[in-house]
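how would this look folded up:
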Amino acid sequence: MPRPNPPRLSKDVDRHGNVRWYVRVPGKPKVRLTQEYGSDAFWSAYRDALAGKPTAESSAPGKVEKGSFRELCQKYYASSEFKLLDTSTRAWRTRALDLVCKTKGSLPVDRMETKHVRRLRDELEKAAANQRLKALKALFGWAVAAEEVAANPARDVKLVKYTTNGHHSWTVEEVLRFEKRWPLGTKPRLAMMLLYYSAGRREDAVRLGPSHIQNGRLRFQQAKNEHRSPVDIDIPADPRLLEAIEFTPHGEEVFLETQYGEPFTPNGFGNWFRERCKDAGVPGRAHGLRKAIAARLAESQATPHEVMSVTGHKTLEEVERYARAARKPRMADSAMMKLQAGSTNVPPGSEVGQEEEKSFIKQAHLAAMALPWGIEPQFSP
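Below is the predicted model:
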């Protein structure tokens, strides 16, 4: 691993806050490193650049065919619409479209049809297929509006349907296991506490710093959609989080820094935190802590709007699945207690028992429709 402040490596930050890394060797053109900072691929490209070997960027073809798919992508990257996207959104769309360019970049874009988009989608599987399709839809949606193409061949192509449980939501036992492996005062412990008690994403965790703690409250703007539909979070700072901050060495601008004293990138942090989870024998990941705090809030009978004020979700539909999952055990307990009470007093198969059951079900149905969302009616049969 290169030492801190490796030679010939420099960092530039553009007016949008995007960080770019370059290798500058005297007498040679500067080389931009496009890999994730700190990754093995980054340092491999760094060594190649020092040695004068061609990198993926320097070996890319200099001529772009007019009217080609590659030219359309480059115009999209230079557009104001693309530049207004969040950094993470620009990154995954660029990766998805550049991968298509590797094999189809020189093909004429005006001859691209729906069947071609469908084939590109089907080259990949599940989430990767849908991510590529979303990038193509965004590209051609912009291209039609900008009058770069006459029609959108991706418009009628459907996303791939598949079953997934999403990110694993941390259990209480897993949190305790992680804390045992990473005690108070360690960077992994602070990272976990920041994720959990902010209900933020990894791109939020890498931005949080001392300036976001004000008068005992945690105040920050979520990174997701910050340029299009920003969400401001203002929640009490949990005492356990404040304790972790107090006892853990951290940076002046941000709490979490790499071993080189630089802020983490979201992807770099995600990879680093995944390894710390493995060290603790925990299957969770960074986003699973966001799911966990939403689930704990729902289990504590917080209303959907209360959950939304902490997590930053914008619609009730987004938090409904947490509340629904949290209600199930309580509903099951209540149902079994009612069954036991009913079987003690009235035989369930009797005529009286059947009439009572019908009446109770009707009352429960009417009450559930009348009460506010998320509040369970309480009846005694």
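
domains of this structure?
9-50, 69-145, 172-311, 316-370 (automatic domain parsing).

so which of those domains gets nearest K161?
Checking the domains of the chain against K161 by Cβ to Cβ gives domain 69-145 as the closest, at 9.4 Å. (C-beta placed from N, C-alpha, C; glycine too.)

end-to-end on that closest one?
Counting by Cα to Cα, to the nearest Å, you get 17 Å between the two ends of domain 69-145.

likewise for stretch 143-150?
Stretch 143-150: ends 8 Å apart by Cα to Cα.

picking that back up, dump the domains of the chain into TSV; add mean neighbour count as well.
Formatted as TSV, the domains of the chain follow (neighbours: other Cβ atoms under 10 Å):
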stretch	mean neighbour count
domain 9-50	14
domain 69-145	17
domain 172-311	18
domain 316-370	13
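
would CSV of the ones you listed with distance to K161 and mean pLDDT be doable?
Output for those, formatted as CSV (distance: least, Cβ to Cβ, whole Å; pLDDT from 0 to 100):
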stretch, distance to K161, mean pLDDT
domain 9-50, 31, 78
domain 69-145, 9, 92
domain 172-311, 22, 91
domain 316-370, 18, 63
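
I'd like those domains as TSV, with distance to V160 appended.
Shown next, in TSV, are the domains of the chain (distance: least, Cβ to Cβ, whole Å):
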stretch	distance to V160
domain 9-50	26
domain 69-145	5
domain 172-311	21
domain 316-370	21
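
out of those domains, which is closest to D156?
Set against D156 and scored by Cβ to Cβ, the domains of the chain come closest in domain 69-145, at 5.8 Å.

pull the distance from the closest one to the chain's centre.
How far domain 69-145 lies from its chain's middle: 20 Å, per Cα atoms, centre = their mean, to the nearest Å.

which residues of the stretch 201-350 of the chain fall in strands?
213-214, 217-221, 232-236 (DSSP state E, counting those that start in this stretch).

let me redo that: the stretch 1-150 of the chain
Under the criterion DSSP E, counting those that start in this stretch, the stretch 1-150 of the chain carries strands at the ranges 9-13, 19-23, 31-33.

the ones you listed: which one's closest to K314?
Nearest to K314 among these is strand 19-23 (28.8 Å), distances taken as Cβ to Cβ.

now the angle from the closest one to strand 9-13?
Strand 19-23 runs at 150 degrees relative to strand 9-13, counting by axes from the mean of the first three to the mean of the last three Cα atoms, to 10 degrees.

and strand 19-23, which strands flank it?
strand 9-13 (antiparallel), strand 31-33 (antiparallel) (DSSP bridges).
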